[in-house]
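1. Below are the sequence and a predicted model; questions follow.
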Amino acid sequence: MKKVPLFFLVLLATAFAGMAGTSHAETDARLHSDGKGWRLDQARIEDGSRPRVLLIGDSILNGYYRKVVEALDGKAYVDAWVNPYHQSEHVNRLLAEVLDHGPYDVVVFNLGLHGWQEGRIKEGTFEPLTKGYVEVLKSKLPKAKLFWASSTPVTVKGEPTELNPEINPIIVEHNRMAAMVMEEMGVPVLDYYGLLVDKRELARGDQFHWNGPAYELLAKLATESILKSLSLDTP
């Protein structure tokens, strides 16, 4: 896996630092990266004829990203933008910059677990900002196949089989609003929430993250969707 040049990371960090509520480092310790860190990972391109895939998400992506890379080995190159952002004009501008590292044939994207805290997303802006995010994708990648991945359930700390009564309803509502935007804009949905909500025994117990078998399920759904969209055989 090719590392992103240091100068690019510095530029990103500088840009993020000046944006209230969207700083490079997540201020809520519960929403840590749960892995290698916030970054853009880029595959080393050796065959220009092979399709390219971009995965976008938060710490949940860190849990299943490598499994998708392994499943698509020899079939497609996979980049991953693991980030701690939520709906905002800033992230829409930043997305356009990230997409310049393409072009990509398929994009699987999620934007959810970092936007439930009060004040992070202003009332009435969730849907238009989400629509703007999709518009950036379609403008920069007019031929790409897009998939939106819903945000995963949030459970009670120490009681992973119980849904968090304060946070999870917000996740459900955000998923609902995002799904409406995706229907309007013709973007298929990968229902990560529905896949795991009845498998909460696989939750880790820290509210947000999951154990290996859950990430296997997410990787399988993403991989199968990507391969189908590229008219390639599923594993």
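-> Sure, I can see it.

2. need the contact list for the residue lying closest to Leu217 once chain neighbours are set aside.
-> Take Leu217 and drop its neighbours on the chain: the residue closest to it by Cβ to Cβ, 6 or more residues apart in numbering is Leu195, 5.7 Å away. (Glycine included, C-beta is placed from N, CA and C.) Applying Cβ atoms under 8 Å, 6 or more residues apart in numbering to Leu195 gives the contacts 217-218, 221.

3. swap the cut-off to 10 Å and go again
-> 149-150, 152-153, 214, 217-218, 220-221 (Cβ atoms under 10 Å, 6 or more residues apart in numbering).

4. got the phi/psi numbers for the spatially most central residue of the chain?
-> Nearest to the mean C-alpha position of the chain, counting by Cα atoms, centre = their mean, stands Gly57 at 1.8 Å. According to degrees, to the nearest 10, the main-chain angles of Gly57 amount to phi -180, psi -170.

5. Which residues are in contact with it?
-> Counted by Cβ under 10 Å, 6+ apart, Gly57 has contacts 63-65, 80-83, 108-113, 149, 151-152, 192, 218, 222.

6. Provide the secondary structure category for the residue nearest to Leu217.
-> Of the three states, Leu195 takes helix under DSSP: H, G, I helix; E, B strand; the rest coil.

7. what's the answer for Glu127, then?
-> Glu127 is classified as helix under three-state DSSP.

8. List the residues that contact it.
-> Per Cβ under 10 Å, 6+ apart, neighbours of Glu127: 87, 174, 177-178, 180-181, 184.

9. In helices, which of the residues you listed fall?
-> Cross-referencing the contacts of Glu127 against helices under DSSP state H gives 174, 177-178, 180-181, 184.

10. In PyMOL, select just the buried ones from those.
-> Buried members of the ones in helices among the contacts of Glu127, defined by 16 or more other Cβ atoms under 10 Å, are picked up in PyMOL with:
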select buried, resi 174+178+181
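
11. hmm, which two among the ones in helices among the contacts of Glu127 are most spread apart?
-> The distance between the two most remote of these (Cβ to Cβ) is 15.8 Å, for His174 and Glu184.

12. Dig out what Leu163 forms beta bridges with.
-> Taking DSSP bridges as the rule, Leu163 bridges to Thr155.

13. For it, which residues are in contact?
-> 153-156, 169, 171-172, 197, 200, 203.

14. of the residues you listed, buried ones?
-> For the contacts of Leu163, buried by 16+ other Cβ under 10 Å: 153-156, 171-172, 200, 203.

15. so where is this structure shaky, pLDDT-wise?
-> 1-38, 115-120, 233-235 (pLDDT under 70).

16. For it, just list every one of the helices.
-> 6-17, 59-71, 89-99, 126-140, 168-185, 192-196, 212-229.
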